[in-house]
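Visitor: Coordinates for the following, if possible.
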Amino acid sequence: MATIRVDGVDLGVESFGREDDPLVLLAGGTTMLSWPDSLCEWVAEGGRRVVRYDLRDSGASTTKDPENPTYDLRALAADAANLVTALGAESAHLGGHGVGGMVAQVAALDHPGVISALTLVSTRPVAPDPIDDDLPDHDQSAMSEVFSRPQPDWTDRRAVAEYAAASAASLGNDPAQALEIAARIWDRTPTSEVSVHHANQLGKVFSRIDCSPRWRERLGDLRIPSLIVHGRADPFFPVGNGEALAAEIPEAQLLIQEDMGTQIPEWTTDGIATAMLRL
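Guide: Numbering: from 1, shown residues only. Below you'll find the predicted structure:
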């Protein structure tokens, strides 16, 4: 792992594969650990240089005040494009998971010469709020189950990991995998401040940044190979959001995983990697 400075911001990165292979850049949602190790390894074994990275205010990237971010969605999209250049590549296949998928969409639209292909996982074509009438919103029953649980002591690694595991089933995820990922995220969180843990574990900073203007109406302008991956068991961004993305982006491929929730399960990583390598 390392940090790379782009446009005055440090971004935490981790690389897999050979540096002279074509670049696959994976935007975290919000931390890089939203992309499983095994998926990165599968793609690297397929002849790609894989670099996953943390968005601002998460992981090893520049962390200031997640409750009052001074950047917007366009800045995060520019981070992705600038990171491609900083890594010495002319272009990259860009992947985005969850909110990172929103970053990836805008990066592809705003920096068309830099992004050569897209993989969008468990995301949707609009900003966090408000939702378009034709898109399914968060499953309110699942959200009530998750957010009604007492919050853990964020200074306690085990308590934070167990909180994530207890919420996993409500989000369509594997509790054991959620426990492991939450513990690893906690280890990489640079401070014990609650707002920073919220940004790392829950991605709450994204609800506070300016995501205007809308980009959904521009998706039809994309002319790059695109893969949309979505879990049918995802209650946060229900599967209709992935289906809408696939309909909006010309010739996009849609890969629905029947028992996948908000996280990428280990049992899907080889299949998703294979689909990514075909782009």
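Visitor: mind listing what Ser116 touches?
Guide: Ser91, Ala92, His93, Ile224, Pro225 (C-beta atoms under 8 Å, 6 or more residues apart in numbering). Where C-beta positions appear, they are placed from N, C-alpha and C, glycine not excepted.
Visitor: which parts of the helix or strand bottoming out on mean pLDDT in the chain are buried?
Guide: Ranked by mean pLDDT, DSSP states H and E, the weakest helix or strand in the chain is helix 194-197, scoring a mean of 92. Of the residues in helix 194-197, Ser195, Val196, His197 count as buried by neighbour count, 16 or more other C-beta atoms under 10 Å.
Visitor: show me what contacts the first one?
Guide: Contact criterion C-beta under 8 Å, 6+ apart gives Asp65, Pro66, Glu67, Lys204 as the residues in contact with Ser195.
Visitor: Compare those and tell me which is most surrounded.
Guide: Pro66 (24 neighbours; other C-beta atoms under 10 Å).
Visitor: From what I see, it and Arg208 are in contact.
Guide: Yes - counting by C-beta atoms under 8 Å, Pro66 touches Arg208, with 7.5 Å between them.
Visitor: Which residues are in contact with the closest residue to Ser207 other than its chain neighbours?
Guide: Take Ser207 and drop its neighbours on the chain: the residue closest to it by C-beta to C-beta, 6 or more residues apart in numbering is Pro128, 5.2 Å away. By C-beta under 8 Å, 6+ apart, the contact set of Pro128 is Val99, Phe206, Ser207, Cys211.
Visitor: hmm, 10 Å instead?
Guide: With contact taken as C-beta atoms under 10 Å, 6 or more residues apart in numbering, Pro128 is in contact with Leu73, Val99, Met102, His138, Gly203, Phe206, Ser207, Arg208, Ile209, Cys211.
Visitor: Check Ile131 too.
Guide: Taking C-beta under 10 Å, 6+ apart, one finds Arg124, Asp137, His138, Phe237, Asn241 in contact with Ile131.
Visitor: Likewise for Thr262?
Guide: 29, 34, 97-98, 121-122, 142, 167-168, 170-173, 178, 231, 233-237.
Visitor: what do you get if the cut-off is 7 Å, keeping everything else the same?
Guide: Counting by C-beta atoms under 7 Å, 6 or more residues apart in numbering, Thr262 makes contact with Gly98, Ser122, Leu171, Gly172, Asn173, Asp234, Phe236.
Visitor: now, which of these sits nearest Gly220?
Guide: Checking the contacts of Thr262 against Gly220 by C-beta to C-beta gives Ser122 as the nearest, at 21.8 Å.
Visitor: returning to what we had before: out of the contacts of Ser116, which comes closest to Val9?
Guide: Ala92 (17.8 Å).
Visitor: Looks like that closest one contacts Thr85 (just checking).
Guide: No - in this structure Ala92 lies outside contact range of Thr85 using C-beta atoms under 7 Å: 9.6 Å.
Visitor: more crowded one of those two?
Guide: Remark: of Ala92 and Thr85, Ala92 carries more neighbours, 25 against 14, as counted by other C-beta under 10 Å.
Visitor: what residues are up against that one?
Guide: Contacts of Ala92 by C-beta under 7 Å, 6+ apart are Leu23, Val24, Leu25, Val84, Val114, Ile115, Ser116.
Visitor: hey, where'd the strands end up in the stretch 1-150 of the chain?
Guide: 2-6, 9-16, 23-27, 49-53, 92-97, 115-121 (DSSP state E, counting those that start in this stretch).
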